[in-house]
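Trainee: My questions are about this predicted structure, shown below with the sequence.
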Amino acid sequence: MQDSYHGDVKTMRKKVLVTGADGFIGSHLTEELILSGYEVKAFSYYNSFNNWGWLDTLPEEIMEHVEVFSGDIRDSNGVRTAMKGVEEVFHLAALIAIPFSYHSPDSYVDTNIKGTLNVLQAARELEISRVLITSTSEVYGTARYVPIDEKHPFQGQSPYSATKIGADRLAESFYRSFGLPVSIVRPFNTYGPRQSARAVIPTIITQLLAGKEEIKLGLLSPTRDFNYVKDTAHGFIAIAESDETIGQEINIASGQEISIGNLAQEIIAQINPSARIICDEERLRPKKSEVNRLLGDNTKIRKLTNWKMQYTFEEGIAQTIAWLRENMSQYKVDCYNI
């Protein structure tokens, strides 16, 4: 490891692997890990264009400390090769779009379950010191009680959530069966710069910034607990740095909820008050699949780590709008992104 770096990059402490580093949360986590003094190997999904996803947009002073490994999380040999020489693994690689999981559930089993198994098997063989498996608040389904703590029942209300439940339980089994030092990290709805338009916040903002007077959305009544992406990234790091989180499932949540309808109205008021919302039938989930309420309990992460929210919802939305305003060319506003 190198000793020190200029600017805001701290002295390197340990080498870690981030799978899904080319994605939304993964690219932010990679950035925050570097700024926190980690040496990062970034697992990026292989493609013939040598495109590293959002990693390609990170500043040079960050990327000069990142080793990129191109591979496929579904390939056990490649995963094991990528994990050689690292102390910890942050496993974020996954298929996450719920509508696409209705369309292609097989691919979700292959990526989310088999991909996670590949990471767990390699971690066991290589004696990795910490493994963080990324879950999702979708595993809880519609809240049976609020706030939702880690003891809430699991409900597979979509093929996506079902595969994440399966991946989580595999992770639990490797902790219980083999003593693998696993933590299951369960972020609630994360938003911020670089998020794809398959998510509701960039969907609303990009339509408004494109000058649309009619904002197409699905059901407006469900509520969500939103976390700004940097708070989510800091949550991952805090969990990794606490020995008390080994063998635990831990929510990253704000403890606040807002309905999709009220969320849209707040953003509309900031960008174009004359716009109105219309229901697009294509965007509606099947009735029994819709998760109607998510409101997380963050007591556990605050008890076991030093994590706390640093961004208010208003601050996070403002930063997201500002970033999207400068990056509209990355989005196809006129089509529904599943």
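Mentor: Looks like it arrived, so ask away.
Trainee: just so I have it, where are all the strands in the stretch 151-300 of the chain?
Mentor: 182-187, 189-191, 214-217, 223-224, 226-228, 249-252, 258-259, 276-279 (DSSP state E, counting those that start in this stretch).
Trainee: Now tell me what touches the last one from outside.
Mentor: This means strand 276-279. 213-220, 261, 264-265, 268 (Cβ atoms under 8 Å, 6 or more residues apart in numbering). Yep, even glycine has a C-beta here, placed from its N, CA and C like the rest.
Trainee: from these, which would you call buried?
Mentor: 215-218, 264-265, 268 (16 or more other Cβ atoms under 10 Å).
Trainee: and the gap between the residue of the chain positioned farthest from its centre and Q265?
Mentor: What lies farthest from the middle of the chain is S274; by Cα atoms, centre = their mean that is 32.6 Å. In this view, S274 and Q265 are 13 Å apart by Cβ to Cβ, to the nearest Å.
Trainee: same thing with F236?
Mentor: In this view, F236 and Q265 are 32 Å apart by Cβ to Cβ.
Trainee: repeat for Y336
Mentor: To Q265, Y336 is 21 Å away according to Cβ to Cβ.
Trainee: pLDDT wise, what is D280 at?
Mentor: Note on D280: pLDDT of 89.
Trainee: mind listing what it touches?
Mentor: Applying Cβ under 8 Å, 6+ apart, the residues near D280 are 216-218, 336.
Trainee: any chance of those residues in CSV, with pLDDT and distance to V89 too?
Mentor: Below are those laid out as CSV (pLDDT from 0 to 100; distance: Cβ to Cβ, whole Å):
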residue, pLDDT, distance to V89
K216, 94, 39
L217, 96, 37
G218, 93, 35
Y336, 83, 34
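Trainee: out of those residues, which one sits closest to G26?
Mentor: Set against G26, the nearest of the contacts of D280 by Cβ to Cβ is Y336 (24.3 Å).
Trainee: Let me know the secondary structure of the closest one.
Mentor: coil (DSSP: H, G, I helix; E, B strand; the rest coil).
Trainee: pretty sure it contacts L284?
Mentor: No - judged on Cβ atoms under 8 Å, Y336 makes no contact with L284 at a distance of 11.3 Å.
Trainee: can you tell me the average pLDDT over stretch 112-125?
Mentor: Mean predicted confidence for stretch 112-125 is 98.
Trainee: Centre of the chain to it, how far?
Mentor: Distance of stretch 112-125 from the chain centroid (Cα atoms, centre = their mean, to the nearest Å) equals 18 Å.
Trainee: ok, and for it, which residues are buried?
Mentor: 112-123.
Trainee: Relative to A97, which of the strands of the stretch 151-300 of the chain is closest?
Mentor: Taking these one by one with Cβ to Cβ, strand 189-191 is closest: 13.5 Å.
Trainee: could you say what helices and strands the closest one packs with?
Mentor: strand 226-228, helix 229-240 (3 or more Cβ pairs under 8 Å, 6 or more residues apart in numbering; DSSP states H and E).
Trainee: List the pairing partners of the shortest one within its sheet, with orientation.
Mentor: Strand 226-228 has the following strand partners under DSSP bridges: strand 189-191 (parallel).
Trainee: Just the buried residues of the strand it pairs with, please?
Mentor: Quick answer for strand 189-191 (16+ other Cβ under 10 Å): 189-191.
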